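*Asks:* With the sequence up front, the predicted model follows.
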Amino acid sequence: MSGWIVGLRRRLHAIPELGYEEHKTSQLIRETLTELGIPWQGPIAETGVVATLSGGRGPCVALRADIDALPIEEQADVPFRSQHPGRMHACGHDCHTAMLLGAARLLKQRESELKGTVKLIFQPAEEGLAGAERMCHAGVLRDPPVERIFGMHVWPATPTGQMAGRAGTFLAATGFMHIVVEGVGGHAAMPHLTVDPVCTAAKIVVELQTIISREVDPLQSGVVSVTSFHGGETTNVIPGEVRLSGTMRSQTLEGLLFLQRRIREFVEGIAAVHRCRARVEFPGTNFPATVNTPALWDLAREIGSELLGAESVQESPPVMGGEDFAFYTQQVPGCFIGLGIRNEELGSTWGLHHPRFLVDEAALPLGTALHAEFALRSLRELATER
Ligand code: NI
């Protein structure tokens, strides 16, 4: 099945689409499920699809893939590179989608053996837009009620053939920020007749790091990253405003809310002292931390040991990346793992969200097998408990 999975991944890789705009992607998913004879519902939350496999009455478990891409111009030298300018599957969600379609095909072959129902959730808009939350609101965890959910992410830090994860908090609580610093523009040669938002914004960028270095317990983790800085057009004009944006991370939602409160106070205070005005927004919904249910990490580790070998399952420290998978695990027990794709020979060593991000596709059938076994084993366990 490897060639089929890789083929799908390459087709998806060529048509990257941003959150809630994944129309071609969604269509490819629906066509593939239809070809496999698997019933599906959709679109849910704009472009999401939920497929259902059932061997009759019994418990229900869910497997989830995210399907969206990033606003990045691809620099990876691959024959199936992005056909959409300024869009790239730089976070491997094309792989997640293809692996879950692989699991769909594998589980379809064994549908009569299923001790209940498997829902396959193809979710839009993971990248900052909380597609998981909308899927939850649309009821994908209900009717029949999902009792366990599993997800995975391609993991450049871990070699191909291995997986990583942990019990408890695995990924960080995540929020985003937009800041507008308003001054008064004018001639660059007469700064005293202006209120300069560029200098003020520069101080904000630097000072925000003080929240982490001076106000967060050194033994706890926090991140504030300013990732865009836009203002001005030319060499001799001080612009009227500067726009900043970025993200903040903590291992708990409370920690995240603390960072957001202090960011607002810092920005407004620094702006005021420099005679500017500032607006701070935290758009969308904060992602909670992704917390793995300990018993399900134990199960994932056991299955990983059987399929990949005991030495191929890594206990990972928590990671400050965020995942909207957290919205599912807020409601039902779940486990999220990292699937190794690192291969020095192939050059699949670039980080997630890098324009040269590359995947060792040998990992894809392993992800499919893990997905399928997570579901099969969970249904057996839950059916036995009844
Ligand atoms: Ni991702």
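*Replies:* Everything's here; your move.
*Asks:* which residue ranges form the strands in the stretch 201-350 of the chain?
*Replies:* Applying DSSP state E, counting those that start in this stretch to the stretch 201-350 of the chain gives strands spanning 222-230, 237-238, 241-250, 277-281, 290-292, 313-315, 334-342.
*Asks:* then the fourth one to CSV, C-alphas only?
*Replies:* Same thing as strand 277-281. Output of strand 277-281 as CSV, limited to C-alpha atoms (Å, rounded to 0.1, in the frame of the first residue of the first chain):
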residue,chain,number,x,y,z
ARG,A,277,-1.2,54.6,21.0
ALA,A,278,-1.3,50.8,20.8
ARG,A,279,-4.0,48.3,20.2
VAL,A,280,-3.4,44.6,21.2
GLU,A,281,-5.6,41.8,20.0
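*Asks:* What segments of the stretch 101-250 of the chain are helices?
*Replies:* Taking DSSP state H, counting those that start in this stretch, the helices of the stretch 101-250 of the chain run over residues 131-137, 197-210.
*Asks:* roughly how far apart are the most centrally placed residue in the chain and residue 352?
*Replies:* Closest residue to the average C-alpha location of the chain: residue 323 at 4.2 Å, with C-alpha atoms, centre = their mean. Distance, residue 323 to residue 352, using C-beta to C-beta, to the nearest Å: 11 Å. C-betas here are computed from N, CA, C, even on glycine.
*Asks:* Out of the strands of the stretch 201-350 of the chain, which is closest to residue 176?
*Replies:* strand 241-250 (5.2 Å; C-beta to C-beta).
*Asks:* quick one: buried residues of the closest one?
*Replies:* Buried residues in strand 241-250, counted by 16 or more other C-beta atoms under 10 Å: 241, 242, 244, 245, 246, 247, 248, 249, 250.
*Asks:* Of those residues, just say which sits nearest to residue 265.
*Replies:* residue 248 (13.5 Å).
*Asks:* Please identify the most buried of the helices of the stretch 101-250 of the chain.
*Replies:* Most buried of those by mean neighbour count (mean count of other C-beta atoms under 10 Å) is helix 131-137; its value is a mean of 22.
*Asks:* Just the CA atoms of it, as PDB, please.
*Replies:* C-alpha atoms of helix 131-137 as PDB (Å, rounded to 0.1, in the frame of the first residue of the first chain):
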ATOM      1  CA  GLY A 131     -10.400  24.000  12.900                       C
ATOM      2  CA  ALA A 132     -10.600  21.300  15.600                       C
ATOM      3  CA  GLU A 133     -12.800  23.500  17.800                       C
ATOM      4  CA  ARG A 134     -15.200  24.000  14.900                       C
ATOM      5  CA  MET A 135     -15.300  20.300  14.200                       C
ATOM      6  CA  CYS A 136     -16.100  19.600  17.900                       C
ATOM      7  CA  HIS A 137     -18.900  22.200  17.800                       C
END
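*Asks:* which residues of the protein score low on pLDDT?
*Replies:* Scanning the chain for pLDDT under 70 picks out nothing.
*Asks:* Adding distance to residue 146, write the helices of the stretch 101-250 of the chain out as TSV.
*Replies:* Below are the helices of the stretch 101-250 of the chain laid out as TSV (distance: least, C-beta to C-beta, whole Å):
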stretch	distance to residue 146
helix 131-137	10
helix 197-210	39
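*Asks:* Break the chain down into its structural domains.
*Replies:* 2-171+289-385, 173-281 (automatic domain parsing).
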